[in-house]
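*Asks:* got a predicted structure here, sequence first:
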Amino acid sequence: MGGNNILKVLVASSSVIIRSGLAAVLRRLHELNIQPVEISTPEMLEHYVTLHTPDIIMVDPTFGGWFDLTEFKEAYDKLTGVKYVAIVASVIDVNQLKDYQERIALYDTVEVIAEKLNALMQSEENNQDNDTEPLSQREKEIITYVVKGLTNKEIADKLFLSVHTVITHRRNIARKLQIHSPAGLTIYAIVNKLVELKDVEL
């Protein structure tokens with residue numbers, strides 16, 4: 001995210017500590033220019049989205065007893081392009097989170113939250129221009145580590161990223177290049193001089 005665009009983010013949770021705490025963290029991410037809106041009840045959420053279209057809706061899956069994301073999307077199908085982020089504040093079956101595009105947990109650091117939101121919004125920008133997308137410098141770095149045989153965890157450690165962010169970058173790389181195997185990435189990296197043959201794990 002760049003420029004002066006304001007990122008409108010709804011933070012929906014029944015817990016004032018979670019809601020206000022996350023909103024305070026979001027305000028600290030100055031490079032993302034986030035305008036958080038705290039939502040304390042399902043009625044408030046419904047009222048807001050009737051009048052406005054946010055960029056991101058962060059919601060506790062237990063919001064209002066249980067937040068049915070599929071039902072919500074069907075009821076508010078005008079909210080095209082909105083990203084949905086689960087606020088994971090308790091033990092939740094991961095199958096219940098499959099419709100969310102991202103998750104933020106209570107133990108995530110400010111840096112991890114920033115990385116997740118950056119990746120989330122970059123994937124939106126990337127989707128708008130699939131055909132001529134260049135790889136970012138970060139994506140090139142990740143490709144070089146993949147072809148050298150590093151795991152996602154090892155790449156995350158080297159680049160000071162979360163494993164989830166590395167996986168998101170790898171997904172974006174596969175989509176941009178239409179290459180879905182390490183062997184294909186290796187050929188791409190050699191042809192495009194991202195690595196030398198001697199650096200490749202064979």
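*Replies:* Everything's here; your move.
*Asks:* which element is the residue nearest in space to the middle of the chain on?
*Replies:* Residue closest to the mean C-alpha point of the chain, counted by Cα atoms, centre = their mean, is Leu120 at 3.1 Å. If you go by DSSP states H and E, Leu120 is part of helix 110-127.
*Asks:* low-confidence bits of the protein, can you list those?
*Replies:* In the predicted model, the chain carries pLDDT under 70 at residues 1-4, 123-133, 201-202.
*Asks:* domains of it?
*Replies:* 7-108, 137-199 (automatic domain parsing).
*Asks:* so how far is the longest one off the chain centroid?
*Replies:* Relative to its chain's centre, domain 7-108 lies at 13 Å (Cα atoms, centre = their mean, to the nearest Å).
*Asks:* and that domain, end to end?
*Replies:* 20 Å (Cα to Cα, to the nearest Å).
*Asks:* list the buried residues for stretch 187-202?
*Replies:* Within stretch 187-202, the residues that count as buried by 16 or more other Cβ atoms under 10 Å are Tyr188, Ala189, Leu194, Val195. The C-beta positions use only the backbone N, C-alpha and C, and glycine is treated the same way.
*Asks:* let me see the contact set for the third one.
*Replies:* When you say that, I think you mean Leu194. Applying Cβ atoms under 8 Å, 6 or more residues apart in numbering to Leu194 gives the contacts Lys140, Ile143, Thr144, Val147, Tyr188.
*Asks:* again, but for the first one
*Replies:* By Cβ under 8 Å, 6+ apart, the contact set of Tyr188 is Ile143, Leu177, Ile179, Leu194.
*Asks:* can we see that at 10 Å?
*Replies:* Leu135, Ile143, Val147, Ile173, Leu177, Ile179, Leu194, Val195 (Cβ atoms under 10 Å, 6 or more residues apart in numbering).
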